[in-house]
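Chemist: Give me the fold of what follows.
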Amino acid sequence: MDVRNRDGDSIDPVPFLVCTAMAVLLLFSLGPLYGLAYGLPVWAGLAVSTVGTVAVSAVAYHRLVWTAPPPWVQISPQLRFQRLIYIGVAFAVLLVAVSAPLAL
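Modeler: From the prediction side, this is the model:
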C-alpha cells in the first residue's frame, strides 16, 4: 500500500494502523464498562467509544500520515524517547482521571 503525506512523499502506514487498532481495542473494551459504572446505558457507552475512536483515528492520521516527515529526515533518539515519556505520562494521568471517580 503506497501511502503519501501532504508533500507527496511515501511514508510507512504501520504506526497509524497500530495506533488506530489500539484505540479501537481499548475504547471498545473499556468504554461501555466505564459507561455502565457511570450509569449510562450500553448503547451510550458504545456511542462514546465510537466517537472516541473516530477522534483518535483523525488525530493519528493527521500526526502519523498527513504531516509525517519523509523517511530521509532523521529524528534524534533523544527526541523520540522524550516524546514516548510524555505519551506515557499523559496516558497514566488519563487512566487516573477516569478511574478516580469510580473509587469515590
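
Chemist: Secondary structure class of residue 8, three-state.
Modeler: Assigned by DSSP: H, G, I helix; E, B strand; the rest coil, the conformation of residue 8 is coil.

Chemist: so who does it touch?
Modeler: Residue 8 makes contact with no residue under the criterion CB atoms under 8 Å, 6 or more residues apart in numbering. In this view, the C-beta of every residue, glycine as well, is placed from N, C-alpha and C.

Chemist: for residue 20, same thing?
Modeler: Contacts of residue 20 by CB under 8 Å, 6+ apart are 53, 56, 57, 60.

Chemist: Present the residues you listed as JSON lines; the columns should include neighbour count.
Modeler: Below are the contacts of residue 20 laid out as JSON lines (neighbours: other CB atoms under 10 Å):
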{"residue": "53", "neighbour count": "18"}
{"residue": "56", "neighbour count": "17"}
{"residue": "57", "neighbour count": "16"}
{"residue": "60", "neighbour count": "19"}
